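Q: dropping the sequence and predicted coords here.
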Amino acid sequence: MPPPTGKHIMDMQECEAMPDATFRRLTGVRKRTFRKMVSVLYTAETHRKARGGKPHHLAVDMRLLMTLVYRSRFLGHGCCRIRRELGVA
């Protein structure tokens, strides 16, 4: 599968290199919190996958990063729209 064109895909090394304020703006959480979340998810996945199963294509940290970016970007816009519709702006 060819790499996607257009937008740059970020890797974890770039995330670790960015300032904490930028990371928090991107994801909605601090780097320290992100690391704790990755640790908890990795432990849970290790226990769950102990019985076997198909491995994920992406690492735990990348899946969490994608989820947090999605949540902070797209769900935030939905909340703004809902607030406007309800007149709570």
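A: Everything's here; your move. This one's a predicted model, so the numbers in the text were calculated from it and none came from an experiment.
Q: tell me which residue lies nearest the centroid of the chain.
A: The residue lying closest to the centre of the chain (CA atoms, centre = their mean) is residue 65, at 2.2 Å.
Q: so what's that residue up against?
A: By CB atoms under 8 Å, 6 or more residues apart in numbering, the residues touching residue 65 are 10, 12, 15, 27, 34. Every C-beta, even on glycine, is put in place using the N, C-alpha and C of the backbone.
Q: can you get me a residue count around the second one?
A: Looking back up the chat, that one is residue 12. Residue 12 sits with 12 neighbouring residues when counted by other CB atoms under 10 Å.
Q: what about it, distance to residue 49?
A: Distance, residue 12 to residue 49, using CB to CB, to the nearest Å: 20 Å.
Q: for the last one, same thing?
A: As defined by CB to CB, residue 34 lies at a distance of 22 Å from residue 49.
Q: looking at these two, which is more packed in?
A: Neighbours were counted for residue 34 and for residue 49 using other CB under 10 Å; residue 34 has more, 21 against 12.
Q: would you confirm that the more buried one contacts residue 24?
A: No: at 9.1 Å, residue 34 does not count as touching residue 24 under the criterion of CB atoms under 8 Å.
Q: in this structure, which spans are helices?
A: Counting by DSSP state H, the chain has these helices, from start to end: 12-17, 20-27, 31-48, 60-70, 76-86.
Q: so what touches the shortest one?
A: Spelled out, that is helix 12-17. For helix 12-17, with CB under 8 Å, 6+ apart as the criterion, the contacting residues are 23, 31, 59, 61, 62, 65.
Q: pick the one among those residues closest to residue 71.
A: Comparing those against residue 71 with CB to CB picks out residue 65 as the nearest, at 10.8 Å.
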